[in-house]
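>>> Build the 3D model from these lines:
(chains A and B)
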Number of protein chains: 2
Amino acid sequence: MSDIALNFTRNEYADRLAATRKAMADAEIELLIVTDPSNQAWLTGYDGWSFYTHQAVLVGPDGDPLWWGRGIDALGARRTVYMSHDHIIGYPDHYVQSDERHPMDQLSTVLAERGWDTLAIGVEMENYYFTAAAFAALQKGLPNARFRDATSLVNWRRAVKSDREIEYMRRAARIVEAMHQRILEVAEPGLRKNELVAEIYHTSIMGADGHWGDYPAIVPMAPSGMDATAPHLTWDDKPMKTGEGTFFEISGCHRRYHCPQSRTLFLGKPPQKYLDAEKAVLEGVEAGLEKAKPGNTCEDIAEAFFSTLRRFGFEKNNRTGYSIGLSYPPDWGERTMSLRAGDHTELKPNMCFHFMPALWLDDGGIEITEPLRITESGYECFCSTPRQLFVKE
Amino acid sequence: MSDIALNFTRNEYADRLAATRKAMADAEIELLIVTDPSNQAWLTGYDGWSFYTHQAVLVGPDGDPLWWGRGIDALGARRTVYMSHDHIIGYPDHYVQSDERHPMDQLSTVLAERGWDTLAIGVEMENYYFTAAAFAALQKGLPNARFRDATSLVNWRRAVKSDREIEYMRRAARIVEAMHQRILEVAEPGLRKNELVAEIYHTSIMGADGHWGDYPAIVPMAPSGMDATAPHLTWDDKPMKTGEGTFFEISGCHRRYHCPQSRTLFLGKPPQKYLDAEKAVLEGVEAGLEKAKPGNTCEDIAEAFFSTLRRFGFEKNNRTGYSIGLSYPPDWGERTMSLRAGDHTELKPNMCFHFMPALWLDDGGIEITEPLRITESGYECFCSTPRQLFVKE
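Numbers count the residues shown, from 1 in each chain, chains lettered A, B, ... in the order given. I've put the predicted structure just below:
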């Protein structure tokens, strides 16, 4: 492993493992099967686009975690994880996308060989990549195990970031700033949307401030006009038009750490409704940010934002933000905290959020968002992108 | 829906629905819950990066399919599906990533309201996005339903492409050709890998031959040297070096249709081992292609390839290709046919494959692959990229 550069110190990986083991003990879990790629990377350093076949990190009763996955990807594990090679287990290729056998059959054997087949086993029931069939195969293969739902057990350990993680997110922040800058430089009536997206991609991967760009866990979303009434459309080759707004929901990414930020660009003179929406969103953001400090809750930020919005006559029926950090597709959120009513999570220093006060209106959308970090006394916005509706007349 | 441009005729969508209903009848399934985003798009036209929250297409006993998903994404469905708006159902946002309630609780109510809660219900047990928790919630919410495994039921209907689908794949082929061309133009010792990947992305989204580039379901994989001993590593900012090989596993994409193709570039004079591997792979490809015709099987292609490879003294322990077409992340394969021993699927005209004879060696990797279509009498390679190890001395 001498030529492998880990993204974090071995001490940091040890801290993460200890925190996970403590949470396992609290939940009476003896063996944790981690199928979330973000959790796998956080625990071991594993990095590769291999999560489309079944793989897992196993946190057993003691010792370093085990990486388990497709045989050809065990080679990638050797290139990326901190554990020694005897902690890497590959399964044969005939388990891949077969309708006769499931990789979890093989995992059951691996666990039985270690005497782990009668333990209390935590599985991430609600995770992309832990399919209904995977669980069925495990239940069949491990009839004496006691399964417990460990959804988000590791995700919650990731909520408060280390200084090194914050450093990577700051690098990603420089990248997303550069991406918005590039949009403002090149967007103009007649430019085809895919041509603009090509520029966004180029900037995001080139990186910024001397740091390279990794792939964000979501592709750029850049809908215009009526397409911007919906939040998650991607792009086509229609030319940009005067009189249309386009929002850009994009993220910088460095070593899998994300800093998402959205801005909206209007070509031509925006209608009054757009300017009203801008004013409502900006005041709502200010009101929300005032609540962003240790001791307050996620709900406090959301309530301050939503009540301001309502005062301006706008309604929004969806959450206004979520926790961010390390992520793999299909989502750059951490799936723990949400900025919405009912989320009473107490804010702590080095929690990081994408404060996402998007408004999708009848005939367009406006997104002016802020990625932020909770500090000892309040918050720090990761980005210096001007907080406004961009207009090119 | 007047301003919506569908990617296929309504007749083609009707044919797809009829083929799916026939397969449902054969499997004694009365209601199909389609959670695979590729299958959703194929059945309805739905397109959006929204699959990170639960959504489904419902094929009931009669009538058009229903689209069901997060409320804000119902707006995206209105912009993309062929069905009328009363076939689009959104669920409230407090079901999103909540640890108190699951979107499938809400779907159970939707089904009960239609009297579908006692039917034989097909679910895609082995699909990304159909989590163990989703199935558990459905089982709890629909105690009188009889669940059947419908994994790949729709995927198999997609195996033989329509002429319009082939046309989109040909456009994607022009794009991946342009991507490889761009790599050859700019790669040189000292170029940072992320700078090269930025160029690859830019070319892929700009498109080719007048057709725009969509995002491929997998990001570019471009490992060099020892990193190329593993198949699925992505990139960093290390400079390219003389004396190192790099393989590029990339795909063009147009309207979600893929044409993946890999090539390997060696900077400097390749060692004899590389040239031997090139020769083995190229002869193996020729041998495999000779078997690529209707009436033969997937296994026939694989056996011809592997036996040639063995004759040259190389071993490969994994499948050498898979079915391709419409796809969403995390995989551009269709998860039906594989080119490997034991796959006795009979080849038919307009089946499409990525013939993927990659070799990962002790100190590097070589990938020289061909996307192809089965014709009435043999095969057609989608791409004209020269079939060789690229060398820049």
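>>> Contacts only, for the most centrally placed residue in chain A.
By CA atoms, centre = their mean, the mean C-alpha position of chain A lies nearest to A:W332, the distance being 2.1 Å. Residues near A:W332 by CB atoms under 8 Å, 6 or more residues apart in numbering or on different chains: A:P216, A:A217, A:I218, A:S251, A:H258, A:P260, A:I324, A:H354. Placement of C-beta: from N, CA and C, glycine included.
>>> burial measure for the closest residue to A:V81 other than its chain neighbours, as a count.
Closest residue in space to A:V81, ignoring its immediate chain neighbours: A:T44 at 4.4 Å, by CB to CB, 6 or more residues apart in numbering or on different chains. By other CB atoms under 10 Å in any protein chain shown, the residues close to A:T44 number 26.
>>> Now A:T44: phi and psi?
Dihedral angles phi and psi of A:T44 (degrees, to the nearest 10) take the values phi -130, psi -20.
>>> can you map out the helices along the stretch 201-350 of chain A?
Here the stretch 201-350 of chain A has its helices, by DSSP state H, counting those that start in this stretch, at A:272-290, A:298-311.
>>> Pick the most deeply packed of those.
Highest mean neighbour count of the helices of the stretch 201-350 of chain A: helix A:298-311, a mean of 20 (counted as mean count of other CB atoms under 10 Å in any protein chain shown).
>>> list the helices and strands it packs on?
The contact analysis (3 or more CB pairs under 8 Å, 6 or more residues apart in numbering or on different chains; DSSP states H and E) places helix A:298-311 against helix A:272-290, strand A:352-355.
>>> for the longest one, packing partners?
In terms of contacts (3+ CB pairs under 8 Å, 6+ apart), helix A:272-290 is packed against helix A:298-311, strand A:352-355, strand A:359-361, strand A:364-366, strand A:370-374.
>>> and these as JSON lines, adding mean pLDDT and distance to B:R170?
Formatted as JSON lines, the helices and strands packed on helix A:272-290 follow (pLDDT from 0 to 100; distance: least, CB to CB, whole Å):
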{"stretch": "helix A:298-311", "mean pLDDT": "96", "distance to B:R170": "48"}
{"stretch": "strand A:352-355", "mean pLDDT": "98", "distance to B:R170": "39"}
{"stretch": "strand A:359-361", "mean pLDDT": "81", "distance to B:R170": "36"}
{"stretch": "strand A:364-366", "mean pLDDT": "86", "distance to B:R170": "34"}
{"stretch": "strand A:370-374", "mean pLDDT": "98", "distance to B:R170": "41"}
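>>> which one of these lies closest to B:A56?
When the helices and strands packed on helix A:272-290 are compared for distance to B:A56 using CB to CB, the nearest one is strand A:359-361, at 21.9 Å.
>>> Now do the same for the closest residue in space to A:G252 that isn't next to it in sequence: helix, strand or coil?
Once its chain neighbours are removed from consideration, A:G252 has its nearest residue in A:I175; the separation is 2.9 Å (CB to CB, 6+ apart). Classification of A:I175 using DSSP: H, G, I helix; E, B strand; the rest coil returns helix.
>>> Was I right to think A:I175 contacts A:A208?
Yes - counting by CB atoms under 8 Å, A:I175 sits close enough to A:A208 to count as a contact (4.7 Å).
>>> Overlap of the contact sets of the two?
Jointly contacting A:I175 and A:A208 under the rule CB under 8 Å, 6+ apart are A:G252.
>>> okay, those two: which has more neighbours?
More crowded of A:I175 and A:A208, by other CB under 10 Å: A:I175, with 27 against 21.
>>> With B:G45 as the reference, measure out to that one.
In this structure, A:I175 and B:G45 are separated by 33 Å, where distance is defined by CB to CB, to the nearest Å.
>>> same deal with A:A159?
Taking CB to CB, one finds A:A159 at 38 Å from B:G45.
>>> Also A:T109?
Noted for A:T109: a distance of 43 Å to B:G45, by CB to CB.
>>> Of those two, which one has the most company?
Summary of the neighbour comparison: A:T109 and B:G45, criterion other CB under 10 Å, with B:G45 having more neighbours (21 against 14).
>>> Might one say that the more buried one is in contact with B:T80?
Yes - the pair B:G45 and B:T80 passes the contact test of CB under 8 Å, sitting 5.3 Å apart.
>>> which residues do the two both contact?
Shared contacts of B:G45 and B:T80 (CB under 8 Å, 6+ apart): none.
>>> Which residue ranges of the stretch 51-200 of chain A form strands?
Using DSSP state E, counting those that start in this stretch, the strands found in the stretch 51-200 of chain A span residues A:56-59, A:66-70, A:88-91, A:120-123, A:146-149.
>>> Spit out the contact partners of A:H94.
A:R101, B:R340, B:G342.
>>> Write a PyMOL command that selects only the buried members of the residues you listed.
Restricted to the buried members of the contacts of A:H94, where burial is judged by 16 or more other CB atoms under 10 Å in any protein chain shown, the PyMOL selection command reads as follows:
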select buried, chain B and resi 340
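>>> Now pLDDT and distance to B:A19 too, for the contacts of A:H94, in TSV please.
What follows is these, written out as TSV (pLDDT from 0 to 100; distance: CB to CB, whole Å):
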residue	pLDDT	distance to B:A19
A:R101	94	28
B:R340	95	26
B:G342	94	26
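>>> Using JSON lines, please lay out the contacts of A:H94 together with distance to B:F312.
Putting the contacts of A:H94 into JSON lines (distance: CB to CB, whole Å) gives the following:
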{"residue": "A:R101", "distance to B:F312": "30"}
{"residue": "B:R340", "distance to B:F312": "19"}
{"residue": "B:G342", "distance to B:F312": "23"}
